[in-house]
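**Student:** here's a sequence, model it:
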Amino acid sequence: MTWFILLIAGLLEVAWAVGLKYTHGFTRLVPSVFTLVSMAASVFLLGLAMRQLPLGTAYAVWTGIGTVGTAIAGMIMLGEPAGAMRLGCIALIVAGILGLKLLTA
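**Tutor:** Have a look, this model is predicted:
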């Protein structure tokens with residue numbers, strides 16, 4: 001259950017990062033509220049996950065999910081480049097996340 005909570009926290013990190021793009025510097029109400037709620041929920045769930053997981057593992061996995069998810073969302077939603085080198089680097093981040101998961105009880 002702890003890893004599921006961390007996964008949701010990471011996905012909420014993606015949500016607030018993408019939402020941040022649409023706030024236009026927090027000048028648009030709905031995207032701003034969505035972004036702030038997503039931020040708070042993401043950090044709250046990260047805190048819950050850290051009750052059971054080591055700090056370094058939980059934080060690295062949380063930011064890794066956020067990094068990979070945000071990069072993919074940027075490619076899909078915003079037309080950001082998806083070259084082979086960029087995808088390869090994303091694959092390395094995913095490998096690191098999986099490694100931390102496998103090495104943490």
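
**Student:** buried residues in the helix or strand encompassing Lys101?
**Tutor:** In this structure, Lys101 sits in helix 84-103 according to DSSP states H and E. Across helix 84-103, burial judged by 16 or more other CB atoms under 10 Å covers Ile90, Ile93, Ile97, Leu100. Quick note: C-beta positions are derived from backbone N, CA and C, even for glycine.

**Student:** mind putting those into a markdown table with distance to Gly47 and pLDDT?
**Tutor:** Shown next, in a markdown table, are the buried residues of helix 84-103 (distance: CB to CB, whole Å; pLDDT from 0 to 100):
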| residue | distance to Gly47 | pLDDT |
| --- | --- | --- |
| Ile90 | 27 | 96 |
| Ile93 | 23 | 95 |
| Ile97 | 19 | 91 |
| Leu100 | 18 | 89 |
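
**Student:** now, among those, which is nearest to Leu45?
**Tutor:** Taking CB to CB as the measure, Leu45 lies nearest Ile97 of the buried residues of helix 84-103, at 16.4 Å.

**Student:** and that closest one, what does it touch?
**Tutor:** Each residue near Ile97 by CB atoms under 8 Å, 6 or more residues apart in numbering is listed here: Ala60, Val61, Gly64, Ile65, Val68.

**Student:** tell me the one of those nearest Trp3?
**Tutor:** Distance to Trp3, by CB to CB, is smallest for Val61 among the contacts of Ile97, at 8.3 Å.

**Student:** now the strand or helix carrying that closest one: buried residues?
**Tutor:** Element membership of Val61 [criterion: DSSP H and E] is helix 55-78. Neighbour-count burial for helix 55-78 flags 57-58, 60-62, 64-71, 73-75 (criterion: 16+ other CB under 10 Å).

**Student:** just the contacts of Ile97 now: which is nearest Leu11?
**Tutor:** Using CB to CB, Ile65 is the member of the contacts of Ile97 that lies nearest Leu11, at 6.7 Å.
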